[in-house]
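K.L.:
Provide a 3D model corresponding to the input given below.
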Amino acid sequence: MLSSDMSSINPQQMARRPAVVLVTLVILAILGFSLVRHLVNRFGEQRKALSRHLYQRSLTEQRRGDSQGAIADLRSALDYDPDNFQYQLSLARLLRDSGNIPEAETYLVNLWERDPQNGAVNLALARLFARQHLTQKAIQYYHNAMYGVWGNDSDGERESIRLETVHYLIGEKAFPDAQAELISWTAVLPANSELRLTLAELFAEAQDYEHALEQYRQVLRHSKKAAALVGAGKVAYQLGHYRTAQNYLTEAARAEPQNKEIKQMLDTSSAVLDADPFMRRISSKERNRRAESALAVSGKRLQDCAAARKIDLSAASNTAGLTPLYQRWLALKSKERKITPANAADARDSMMDLVFDIEQQTQSICGAPVGKDEALLLLSQNPLGVDR
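P.N.:
Numbering: from 1, shown residues only. Sure thing, here's the model as predicted:
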């Protein structure tokens, strides 16, 4: 009976049974894997959604000034999305700004190794080293950020970073580095750029008055802005170019008549020019008069200073300080009426050498002078540049 049953089964059906089972198992396996993958993906999406929620909450906390809460939320966000570049960068910035420098540096260095051209990461590193006053490292990463990869407004980002770099260097009193940054920047600016006024002001802050004056002049070729007139007058004054300072400050005083600083600098510039016996285009008689007047003014300053400090100028034993200057002054004073055409130049030079010595020495002993003495002191600091 068994053999009759067996004989009734089609051999082809027997052969198909294992294949059907196999196909069924494969289909079930695929469905199972699809279901597992769907569940895994769903779980992953839920984790990322939670991390995004935490990230957004951290931004809200930052706006409220709650940096510690923002840090805690960012750490939690990274628990759910540990490789997220933006979350790590945001956390590193917060850690840096809250004073946790070592951990911030660890995050930022790791991010930099992942993407060395990333402008935001390089800028974050520059600011981190700037906080530590590590100037050369800060400059390195500021430069990396300047030429790194940014979004759509890359030119705006680079301009902003250049400004930040220069402000940082000026704040660190790294004036040569700040000047170098500014010089390279001016080389690529259009002649009529609105930024030239800003650069002129930054050159002045970096104590590069020559380049500052050049930039102010560039601005004034295109527009008579009051700020440029004032700035040009001030830096010319700092350079001791009192003729140039007088010209710009005169125009600036018209534009800003209530500005007391401008008026004071203009008055001083005029006083220096009026006192200068070396000025071009004045007569020999006027040169002599100015030299003799300077000698009289400095002599009074010398005696007033000595009296204030209770110094006996007549004491022969006092061979230091003001006494030798007083002896030289008495000797020249007795001869001042004997200037002749033959010896005028030498006589004036001798007088002014003594005037400059007196003004400089009395400044160190009795403090800064005022009035005509201030004008003579300024003249002594740059006698050849006064009339420029």
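K.L.:
From now on I want contacts and neighbour counts done on CA atoms only, so please keep to that.
P.N.:
Noted.
K.L.:
What are the buried residues along the helix or strand harbouring residue 183?
P.N.:
Using DSSP states H and E, the element containing residue 183 is helix 175-186. Within helix 175-186, the residues that count as buried by 16 or more other CA atoms under 10 Å are 175, 177-179, 181-182, 186.
K.L.:
what about stretch 339-349, how long is it end to end?
P.N.:
The first and last residues of stretch 339-349 sit 11 Å apart, counting by CA to CA, to the nearest Å.
K.L.:
just to revisit the earlier point, could you export the helix holding residue 183 as CSV, keeping only the C-alpha atoms?
P.N.:
Extracted C-alpha coordinates of helix 175-186, given in CSV (Å, rounded to 0.1, in the frame of the first residue of the first chain):
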residue,chain,number,x,y,z
PHE,A,175,51.4,96.5,16.4
PRO,A,176,53.9,95.2,13.8
ASP,A,177,51.7,92.2,13.1
ALA,A,178,48.6,94.4,13.0
GLN,A,179,50.4,96.7,10.5
ALA,A,180,51.4,93.8,8.3
GLU,A,181,47.8,92.6,8.2
LEU,A,182,46.5,96.0,7.3
ILE,A,183,49.1,96.6,4.6
SER,A,184,48.3,93.3,2.9
TRP,A,185,44.6,94.2,3.1
THR,A,186,44.9,97.7,1.5
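K.L.:
got a list of what the residue nearest the centre of the chain touches?
P.N.:
Nearest to the geometric centre of the chain sits residue 167, at 2.1 Å (CA atoms, centre = their mean). Neighbour list for residue 167: 178, 202 [criterion: CA atoms under 8 Å, 6 or more residues apart in numbering].
K.L.:
One more pass at 10 Å, please.
P.N.:
Residue 167 is in contact with 161, 173, 178, 202, 205-206, counting by CA atoms under 10 Å, 6 or more residues apart in numbering.
K.L.:
And the buried ones among these, selectable in PyMOL?
P.N.:
For the buried members of the contacts of residue 167, the matching PyMOL selection, counting by 16+ other CA under 10 Å, is:
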select buried, resi 161+178+202+205+206
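K.L.:
Let me see the contact set for residue 372.
P.N.:
Shown in contact with residue 372 (CA under 10 Å, 6+ apart): 268, 271-272, 274-275, 293-294, 297-298, 301, 378.
K.L.:
typed the wrong thing, it's residue 341
P.N.:
284-285.
K.L.:
Ramachandran angles for it?
P.N.:
When read as degrees, to the nearest 10, the backbone of residue 341 gives phi -60, psi -30.
K.L.:
Check the gap between it and residue 333 for me.
P.N.:
18 Å.
K.L.:
in what helix or strand does the residue nearest to the centre of the chain lie?
P.N.:
Per DSSP H and E, the secondary structure element for residue 167 is helix 154-171.
K.L.:
Next, the buried residues of that helix.
P.N.:
With burial defined by 16+ other CA under 10 Å, the residues of helix 154-171 counted as buried are 157-158, 161-163, 165-170.
K.L.:
excluding its backbone neighbours, what's nearest residue 259?
P.N.:
Spatial nearest neighbour of residue 259, excluding adjacent residues (CA to CA, 6 or more residues apart in numbering): residue 253 at 7.1 Å.
K.L.:
Am I right that that neighbour is in contact with residue 227?
P.N.:
No: using CA atoms under 10 Å, residue 253 is not in contact with residue 227; the gap is 11.2 Å.
K.L.:
And residue 172, how close does it get to residue 126?
P.N.:
Residue 172 is 14 Å from residue 126, where distance means CA to CA.
K.L.:
ah, wrong one, I meant residue 63
P.N.:
For residue 63, the distance to residue 126 - CA to CA - is 23 Å.
K.L.:
Counting neighbours, go ahead and name the busier of the two.
P.N.:
Legend: neighbour count by other CA atoms under 10 Å for residue 63 and residue 126, higher for residue 126 (24 against 11).
K.L.:
Next up, identify which helix or strand that one is on.
P.N.:
helix 119-131.
K.L.:
Output that helix as PDB, nothing but the C-alphas.
P.N.:
What follows is helix 119-131, C-alpha atoms only, in PDB (Å, rounded to 0.1, in the frame of the first residue of the first chain):
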ATOM      1  CA  GLY A 119      36.400  78.100   8.000                       C
ATOM      2  CA  ALA A 120      34.200  77.900  11.100                       C
ATOM      3  CA  VAL A 121      36.400  75.400  12.800                       C
ATOM      4  CA  ASN A 122      39.600  77.400  12.100                       C
ATOM      5  CA  LEU A 123      37.900  80.600  13.400                       C
ATOM      6  CA  ALA A 124      36.800  78.800  16.600                       C
ATOM      7  CA  LEU A 125      40.500  77.600  17.100                       C
ATOM      8  CA  ALA A 126      41.800  81.100  16.400                       C
ATOM      9  CA  ARG A 127      39.500  82.600  19.100                       C
ATOM     10  CA  LEU A 128      40.500  79.800  21.500                       C
ATOM     11  CA  PHE A 129      44.200  80.600  21.100                       C
ATOM     12  CA  ALA A 130      43.400  84.400  21.200                       C
ATOM     13  CA  ARG A 131      41.700  83.900  24.600                       C
END
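K.L.:
So which elements touch that helix?
P.N.:
When contacts are defined as 3 or more CA pairs under 10 Å, 6 or more residues apart in numbering; DSSP states H and E, helix 119-131 packs onto helix 85-97, helix 101-114, helix 135-146, helix 154-171.
K.L.:
and the buried residues of helix 175-186 as CSV, adding distance to residue 283 and pLDDT?
P.N.:
Below are the buried residues of helix 175-186 laid out as CSV (distance: CA to CA, whole Å; pLDDT from 0 to 100):
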residue, distance to residue 283, pLDDT
175, 43, 96
177, 46, 96
178, 45, 97
179, 42, 97
181, 46, 95
182, 43, 96
186, 43, 91
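K.L.:
Excluding chain neighbours, give the residue nearest to residue 363 in space.
P.N.:
Closest to residue 363 by CA to CA, 6+ apart is residue 369, at 6.6 Å.
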